[in-house]
Every structure is written in C-alpha cells, then in structure tokens.
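K.L.:
The following block contains a protein sequence and its predicted model.
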Amino acid sequence: MMEILQLPFMQNAIWAGILAAIACGVIGSLVVVNRSVFMAGGIAHAAYGGVGIAFFFSLPALPCIIGFSIFIALLMAVLTVKHSGRMDTIIGVLWAVGMATGIILVDLTPGYNVDLMSFLFGSILAVPSSDVHVMVALVFLIVVVVTFFYKELLSISYDREFSQVRGVKVAHLHFLVLCLIAIAVVMTIRVVGLILIMALFTIAPYLVEKYACSLARMMVIASGLNIFFVLVGLWLSYRFDLTSGATIILTAACFFIVFETVAAAVRRARQE
Amino acid sequence: MNVQEKVQDPEAVIELYNVSFSFGKALVLKDVTLTIPKGDFVAIIGPNGGGKTTLVKIILGLLSPQKGTVRLLGKPPTLSCRYAGYMPQYATGDRDFPIRVIEVVMLGLVGTGSHGPFWSKSEREKAERALDMVGMLAFSQKKIGGLSGGQLQRTLLARALVSEPEILFLDEPMANIDIGGQTILFDLLAELNEKMTIVFVTHDVGLLSRHVKSVICVNQRVFFHPAAEITPEMAHILMGEECSMDLIAHGLPHRVLGQHRGR
C-alpha cells in the first residue's frame, strides 16, 4: 500500500485529484444551488473544442483548453445573461458545436492520437508535475475569488432579482460564475475526463445541500467528500488496474446510493 | 411638452410618464402615467395577469419599458433601487437551499460594499432587529427549508426592511398568511408607513385594509385613485364591462366587497 505513494506519478495523481476535488466541491456547490448543472455540462463538453485546437495546431493542451473553455463560457454568458426562456436550447447548441469542432479538428490532425481518450475519460496517472503547479494556481484563484465575492455569489444564487434591486452587479457576476465553471472544468478534465466531470460537480454538493446550513459549509464538506471519492477511486484503479476516472465516479455513485438509502431509512424510522 | 419637467415633482417618490411595456408581442401595460407621493400607502390591485407585478418590476428597474420615463426617488430606477426594500411574490422557491433565516435577512444588506464570507456584528444586529420586527427572531438560526409559508413570507419581509429603505415594495404579501396574521401584518405596515412609503400588490380586492391610503388599479391600463376605495371607473378597468359590482362605502374600518353579479 505505502510503496505506491512513493511513485512520482502516483504522487502527482494524488495532488491533481485533491486539487480537482476542491475545485469541483466549491464550484459544483455553486452550480448545484444555482440549478445550472446543464450549463456546466455544456461548458465541459464544449471544452473538447479546445482539445481539438491543441491537437490540430500542436499547441500545449492545458492553455488551449482553458482559453477555449473561457471563450465558450463567455459566449454562453452573453447569450444567457437576459435569462430568456431559450437558455437550455442555447446551451445545448454550444455543447454540441464545441464537441463537433473538437472532433473535426482531431480528424484533420495527421496521425492517430492515442492520447485523445485521456481527455474524454481522464488520465490522472499521467499528470505531469507542471500541470500540478498550474492546478495549484487555479485552485488558489478559484478559492480567492469565491471567498472575496462570497456574499454577492450567495445573494444571486438565492434570489437574483432581489440582488439586482440591492445594486449587486448581477450580469458581471453571471460572467464571473461561468468563467469559474470553465476553470474548474479544465482542471477536472485531467482527472476524470470531460465526460465524467459532471459527477464530481454534482454528487457531493447534492448530498451535502440538504444538511449544510450555509453555502460556505456546503462548499467545504463537498470538497472533502470529493477528495475522499478521488482517493478511494485512485486506489481501486491502481489495485484492480481499471480506468481511474470511472473508478472515482463509481465510488462517488456507490457512496451516494448507500447514503441516500440509509438517510431514507433513518427518516422512516424517525417518523414511526 | 418637456418630459423631464413633467416628471419632476419633489414630493413624488414614484413617477411614470407614458410608460408602455410588452413581453414580446403581448402588450402588458399601455401608456401608464402615474405619480405616487411620499408617505403614501398604496395598494396595487387588478386581475391575475393584469400587469401588477410587471408594474412593480418596472418601477424597481428590473424590467425596462419599451416606451416612457420612470423615476424612482427622482432618479432612474437602476440608480435608486438600492434605497427601496423589495419583497418579491412568494415563490415555492428553493427549499433545499443551504441558508439560515438570519443570513437570508442579512442578504438584504448585500451590495453595500462589504465583501468576504463573514458578516459584521452590526450587520447581524440589524438583521436581528428586522427579524424581531416581524416576529421571527426565535427562528433566526433555523434553516430556510424548515419554515412554513407564512414564516418564509415574514423572513422575506425582514430582508426587505433590514436596509431601512425609503420605500417598500411588497408583492402579494398576504398570500399564505391567515386572516389574523394579515391584520397583524397590516398593523406593522401602518407603523412602518410613518417612516416610509409603502406599495403593495394584491389580487384580492377584499384585502384593502383601513390603513391603505390610495389604490392603483392595473389591467393593462392603470388608474390611480388617492383614496382607499374602488370607484366605478376602477371596477370598469378591473372587470371589464360584462360584470358589475356594488361598490364599497367610504369610512368603514374593514371593507368587504358587496354583492357581485356575474354576467
């Protein structure tokens, strides 16, 4: 057990996992209370366009995906800021167009890219130290921004119109939240892949939502749970030689099912 | 005629001049001209879908009319709305939201420049005072999901009051509150009315308390009447021509609608 911790790639994987878990716990909580899971899903999938750009132009992957995801997030923010009834359609279109762009660009790139699967399903065991450093900076950025704007973010999440009357810059914060989602998505692509990101965004925050008495607490506990899921999933992946992204998500899902079942049983027992 | 001059009345807290608003192609409000004086206690009445909430949202700057001028406290609403208290229409809302009663009320102070996740002592005290005013202090540490509909209403009223607004907007404040609670709430509003202008929306014409000073009747068109009664013109706007009703006499402490004949 202990010897695996000595391996450098495993150390990087653990650090990357913990950092992504924190980012997803904090931003996922925001996404869940805002009911914007679909929007986060849209950004996560459209981010594949960034992968395509990186491959086609032989550019470094992480900056490309960050740039493209933020571009998609801003585009989505511009199109949805008025909160029109067609929001979900706009998100659906961007979701598909982003992915399609990525696929076409990868098709046009000469040679077969084995690495591609790693963006879809994660390659936490192949995270280089340089990426871990970037992730530290991004998590720091997320935590600082969310802490500073905590009251405003809480306010627009709880009651957008009321916040507007209070003079909160609702539209600016809408842009900010979408950019934060994009950053968290990019970080998590490395860990579980863009297909599975939504699980880390939603499972822990949803579990905690009912029991936490403040958004800050929800963010902290959800981050903790995510770290637990990532570490257990990583170990299972190593032990049984399975894809790490999938073991992490299934760990979270099993925990979710067991927890909800027990909670329901406890509720029923209390009622009797 | 100069529009700017038309809408500069020092005693007025709300001025609308020739305001029209439509959602897409559906016209909601047509040529609304309206002046509400300082210290008024106004009931906005009208049928469901008649444009009451839209009118309030236009006054608060949440919606921009396609035509006309709006002034709130003498300024365009987006500049002055922070001096208004707003209690939105009761929504089933998000019962799972992880927030306590006191923090909901403190959100009524957001936008005043304090950042970060912690609330100051003075913010906390202000919130407690507001909760005390609406009789919800005992629930301050309770999670929002554990409240009844009426308790949630009172919490949202405290949130609207905590910033000590100059003008208070309440959208359907009496929904979910029983008759006894309504009387208590009206008494509280009457007390607050000594310090601030109050505008409230109700779809229930029977709810005109003796404290109400004037009535605005909204059904696409808007009619302002500076007394707490329903006039034949208003009935006309409210009900259309196919329906007539006996009107309420002046001076009764509680007004009850008289005989109401359908077509």
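P.N.:
Now that the structure is in, tell me what you want to look at.

K.L.:
Now do the same for A:Ala199: its pLDDT.
P.N.:
At A:Ala199 the predicted local confidence, pLDDT, stands at 89.

K.L.:
Quick check: which element contains it?
P.N.:
Element membership for A:Ala199, per DSSP states H and E: helix A:197-209.

K.L.:
List the buried residues for the helix or strand following that helix?
P.N.:
Per DSSP H and E, helix A:197-209 leads on to helix A:215-240 as the next helix or strand towards the C-terminus. Within helix A:215-240, the residues scored as buried using 16 or more other Cβ atoms under 10 Å in any protein chain shown are A:215-216, A:218-223, A:225-227, A:229-238. Any C-beta I mention is one placed from the backbone N, CA and C, and that applies to glycine too.

K.L.:
quick one: average pLDDT of whatever helix or strand comes next after helix A:215-240?
P.N.:
Note on helix A:215-240: by DSSP H and E, the next helix or strand toward the C-terminus is helix A:244-271. Per-residue pLDDT over helix A:244-271 has a mean of 91.

K.L.:
between helix A:244-271 and helix A:197-209, how many degrees?
P.N.:
Angle of helix A:244-271 versus helix A:197-209, following axes from the mean of the first three to the mean of the last three Cα atoms, to 10 degrees, is 20 degrees.

K.L.:
A:Gln271: how many residues sit nearby?
P.N.:
When neighbours are defined as other Cβ atoms under 10 Å in any protein chain shown, A:Gln271 has 6 of them.

K.L.:
Could you do B:Gly108 as well?
P.N.:
Neighbour tally, B:Gly108, other Cβ under 10 Å: 29.

K.L.:
same question, B:Arg95
P.N.:
Neighbour tally, B:Arg95, other Cβ under 10 Å: 12.

K.L.:
which ones are touching it?
P.N.:
B:Ile144, B:Gly145 (Cβ atoms under 8 Å, 6 or more residues apart in numbering or on different chains).

K.L.:
quick one: it and A:Glu209, what's the gap?
P.N.:
11 Å (Cβ to Cβ, to the nearest Å).

K.L.:
so where's the chain shaky on pLDDT?
P.N.:
All of this is about chain A. A:1-2, A:83-85, A:112-116 (pLDDT under 70).

K.L.:
nope, chain B please
P.N.:
Residues of chain B that meet the cut-off, pLDDT under 70, sit at B:1-10, B:90-93, B:205-209, B:230-263.

K.L.:
what does it have sitting close to chain A?
P.N.:
B:57, B:60-62, B:81-82, B:84, B:86, B:88, B:94, B:96-100, B:103-104, B:107-108, B:110-111, B:114-117, B:143, B:145, B:159, B:163 (Cβ under 8 Å from any Cβ of the partner chain).

K.L.:
So which of those residues are in helices?
P.N.:
B:Lys57, B:Glu103, B:Val104, B:Arg159 (DSSP state H).

K.L.:
how close does the closest residue to the last one other than its chain neighbours sit to B:Gly85?
P.N.:
What it means is B:Arg159. Nearest residue to B:Arg159 in three dimensions, chain neighbours excluded: B:Gly108, at 3.9 Å (Cβ to Cβ, 6 or more residues apart in numbering or on different chains). Per Cβ to Cβ, B:Gly108 is found 7 Å from B:Gly85.

K.L.:
Next: B:Asp31.
P.N.:
From B:Asp31 to B:Gly85 the distance is 28 Å (Cβ to Cβ).

K.L.:
Looking at those two, which is more packed in?
P.N.:
B:Gly85 (27 against 14).

K.L.:
Secondary structure element holding A:Thr147?
P.N.:
Using DSSP H and E, A:Thr147 sits in helix A:129-148.

K.L.:
Check the offset of that helix from the chain's centre.
P.N.:
13 Å (Cα atoms, centre = their mean, to the nearest Å).

K.L.:
Quick check: what element follows it along the chain?
P.N.:
helix A:150-158.

K.L.:
helix or strand right after that following helix?
P.N.:
Going down the chain from helix A:150-158, the next helix or strand is helix A:160-165, by DSSP H and E.

K.L.:
which helices and strands sit right next to that next one?
P.N.:
helix A:150-158, helix A:170-192, strand B:84-87 (3 or more Cβ pairs under 8 Å, 6 or more residues apart in numbering or on different chains; DSSP states H and E).

K.L.:
change it to 7 Å
P.N.:
helix A:170-192, strand B:84-87 (3 or more Cβ pairs under 7 Å, 6 or more residues apart in numbering or on different chains; DSSP states H and E).

K.L.:
Report whether the longest one contacts chain B.
P.N.:
This means helix A:170-192. No. Counting by Cβ under 7 Å from any Cβ of the partner chain, chain B is not contacted by helix A:170-192; separation bottoms out at 10.0 Å.

K.L.:
Show me which positions of that helix end up buried.
P.N.:
A:170, A:173-192.

K.L.:
What ranges does the stretch 151-263 of chain B have for its helices?
P.N.:
Counting by DSSP state H, counting those that start in this stretch, the stretch 151-263 of chain B has helices at residues B:179-192, B:232-239.

K.L.:
what residues does the stretch 151-272 of chain A put near chain B?
P.N.:
A:151-152, A:154-155, A:158, A:161-168, A:209-210, A:212-218.

K.L.:
Buried ones from those residues, can you make that a ChimeraX selection?
P.N.:
Per 16+ other Cβ under 10 Å, the buried members of these correspond to this ChimeraX selection:
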select /A:151,152,154,155,158,161,162,163,164,165,166,167,168,209,212,213,214,215,216,218
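
K.L.:
In CSV: the helices and strands packed on helix A:160-165, plus distance to B:Asp132.
P.N.:
Formatted as CSV, these follow (distance: least, Cβ to Cβ, whole Å):
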stretch, distance to B:Asp132
helix A:170-192, 30
strand B:84-87, 16
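
K.L.:
Show me the one of these that comes nearest A:Gly17.
P.N.:
Among the helices and strands packed on helix A:160-165, helix A:170-192 comes nearest to A:Gly17, with 5.6 Å by Cβ to Cβ.

K.L.:
Report the angle between that closest one and helix A:150-158.
P.N.:
90 degrees.

K.L.:
Can I get helix A:170-192 in CSV, CA atoms only?
P.N.:
Written as CSV, here are the backbone C-alpha positions of helix A:170-192 (Å, rounded to 0.1, in the frame of the first residue of the first chain):
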residue,chain,number,x,y,z
VAL,A,170,-25.8,40.5,-11.4
ALA,A,171,-24.7,40.4,-15.0
HIS,A,172,-21.0,40.8,-14.1
LEU,A,173,-21.3,38.0,-11.6
HIS,A,174,-23.0,35.8,-14.2
PHE,A,175,-19.9,36.2,-16.4
LEU,A,176,-17.7,35.5,-13.4
VAL,A,177,-19.5,32.3,-12.4
LEU,A,178,-19.3,30.9,-15.9
CYS,A,179,-15.6,31.6,-16.1
LEU,A,180,-15.1,29.9,-12.7
ILE,A,181,-17.0,26.9,-14.0
ALA,A,182,-14.8,26.9,-17.1
ILE,A,183,-11.6,26.9,-15.0
ALA,A,184,-12.9,24.1,-12.7
VAL,A,185,-13.9,22.1,-15.8
VAL,A,186,-10.4,22.4,-17.3
MET,A,187,-8.8,21.3,-14.1
THR,A,188,-11.0,18.3,-13.8
ILE,A,189,-10.6,17.1,-17.4
ARG,A,190,-7.2,15.8,-16.4
VAL,A,191,-8.6,13.8,-13.5
VAL,A,192,-11.8,12.2,-14.7
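
K.L.:
Quick check: which helices or strands does that helix pack against?
P.N.:
Checking 3+ Cβ pairs under 7 Å, 6+ apart, helix A:170-192 ends up next to helix A:8-33, helix A:37-46, helix A:61-80, helix A:129-148, helix A:150-158, helix A:160-165, helix A:197-209, helix A:244-271.
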